[in-house]
Each structure stands twice: as structure tokens, then as C-alpha cells.
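[1] Please find the sequence and the predicted model below.
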Amino acid sequence: MLRVTKVADYGIVVMTHMANHPGQLNARDIARGACLPLPMVSKILKLLSREGLLVSHRGTKGGYSLGRQPETITVADIIRALEGPIAVTECTDQIGDCGLERLCPVRSNWQRINQAIRHALEQITLSEMSHPFAERLVNLSGGQPSEGFRIS
């Protein structure tokens, strides 16, 4: 089963909460507002600010704010900031530890699948994630939207 990690999932929730509450927020308020554990939120905030998706403000009234407009931040950006490169198998992003890699009959297909997943995640912005879901097709094939997969 392909699954987004808890850190990436919570990171998207944190970023969505921040997009819905513009301005500067501290870790405690974000954790409370997003209904997430404070230690995990603190860890996520540090990682996201290190990658420039958030700006850290120091001081007694410090906190965090978005580093860019929500329309310019994608789900792929958030996942990469928290987890590193998006890859469904080790060999889809770089040369891995697999002994069969050079002879693997499905490696190119895994790379194609990985590219489709990455492309889909790059098409969904934080701005879109922060609003109620409007039915939309995500185009995974590069063709017309009607050829994509319906997300529901």
C-alpha cells in the first residue's frame, strides 16, 4: 500500500491551518487549532521553516507565518520539505541499494508511475487544500482532464 507518512499528513494539515489563518501563529495555537500534538507540530514547523515554506519570528510574540503565498505552495513542496524526494521505490529517485536495479524489468515503469504521482501532487496547491473540496479531475496522464483520475 502506498501511504503518505504521518509527518507529511500532519504537515499538510498544519500548512492548511496556517493558510486559513493568515498572519503569525505560535506552535501552541497551531497545534490547538489543527487538533494535533504539540511536539509533532513543533518538529514540523522547524522542518518547514528550514525549507523556506514558513518564516520563523523570534521573540515573546514570535511564531510562524507562511513563507510564500498559498497559491505558490504545492502539496509536493510540503512533502519534499518534510520527507525528501517523492519516490515510491528507491530506484525511482536515485540509484538505490537494490541488487537487481540494473537488470530490473519494471524500473522504467516505476519511474513513470512515480512521475505521475509527483506531477499530481505538484498540481494541487495549498490554497486549494485550504478550501472545501470542489470536485476536480487530477490529470495523471498528461492528456485532457477527462482522462485523469477522479479524486473523491
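    Received it, and whenever you're ready, just let me know what you need. These numbers were taken from a predicted model, which means no experiment stands behind them. Numbering: from 1, shown residues only.

[2] my guess is residue 67 meets residue 50, correct?
    No - counting by Cβ atoms under 8 Å, residue 50 is not a contact partner of residue 67; they are 10.6 Å apart. Placement of C-beta: from N, CA and C, glycine included.

[3] so where's the chain uncertain?
    1, 92-97, 134-152 (pLDDT under 70).

[4] Could you name the residue of it that is farthest from its center?
    residue 103 (32.0 Å; Cα atoms, centre = their mean).

[5] do you know how far that residue is from residue 91?
    12 Å (Cβ to Cβ, to the nearest Å).

[6] cool, residue 104 as well?
    For residue 104, the distance to residue 91 - Cβ to Cβ - is 7 Å.

[7] More neighbours: which of the two?
    residue 91 (21 against 14; other Cβ atoms under 10 Å).

[8] which ones are touching the more buried one?
    98, 101, 104, 107, 110-111 (Cβ atoms under 8 Å, 6 or more residues apart in numbering).

[9] Report the buried members of those.
    Using 16 or more other Cβ atoms under 10 Å as the burial test, the contacts of residue 91 include 107, 110-111 as buried.

[10] Can you tell me which of those residues lies closest to residue 32?
    Closest to residue 32 out of those is residue 110 (40.8 Å), distances taken as Cβ to Cβ.
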